[in-house]
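Visitor: Here is my input, please return the structure:
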Amino acid sequence: MQEALDGFTANEVGEATSVITCDLTGTVTTFSHGAQRLFGYAPDEAIGKMSVAAFHPPEKVAELVPLLLKTATEKGLWEEDVTLVKKGGERFPARLAVRPKYRDGKLVGYMGITRPLK
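Guide: Have a look, this model is predicted:
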């Protein structure tokens with residue numbers, strides 16, 4: 001079970017509002033019900049069709065996304081308060097934690113969990 005959580009504990013995933021995974025190109029590969037409620041996209045709109053960059057303000061993507069992926073890969077976790085973007089363009093503050101996903105010892109993508117900050 002722990003391996004399926006990609007380094008997050010069951011408690012962390014259970015407390016998350018949103019769980020999203022992506023491949024190495026950033027394409028969404030899983031999109032939880034919580035992600036659907038939080039971001040406003042249906043799973044069939046996101047999975048295989050969207051980049052995780054779409055959930056970040058455009059002006060932050062070039063700086064933030066490479067940093068968080070590099071840190072997650074090197075240290076096993078990147079976690080910080082960020083501003084994220086819903087389907088309609090509304091921005092909101094959230095705590096984002098990202099871990100690398102491995103299959104057979106090879107990096108295959110990333111898993112992010114999000115909790116909105118109130």
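
Visitor: tell me what the host helix or strand of L38 is packed against?
Guide: In the assignment (DSSP states H and E), L38 maps to helix 33-39. If contacts are counted by 3 or more CB pairs under 8 Å, 6 or more residues apart in numbering; DSSP states H and E, helix 33-39 sits against strand 18-23, helix 43-46, strand 106-116. Placement of C-beta: from N, CA and C, glycine included.

Visitor: what does the very next helix or strand once past the second one rub up against?
Guide: Read that as helix 43-46. Using DSSP H and E, the helix or strand that follows helix 43-46 towards the C-terminus is helix 58-75. Residues outside helix 58-75 that contact it (CB atoms under 8 Å, 6 or more residues apart in numbering): 26, 52-53, 56, 77-78, 80, 82-83, 96, 98-100, 107, 110.

Visitor: Pull the residues that contact the following helix or strand past helix 58-75.
Guide: Using DSSP H and E, the helix or strand that directly follows helix 58-75 along the chain is strand 78-85. Residues from elsewhere that reach strand 78-85 (CB under 8 Å, 6+ apart): 39, 54-57, 60, 64, 67-69, 71-72, 91-99, 114, 117.
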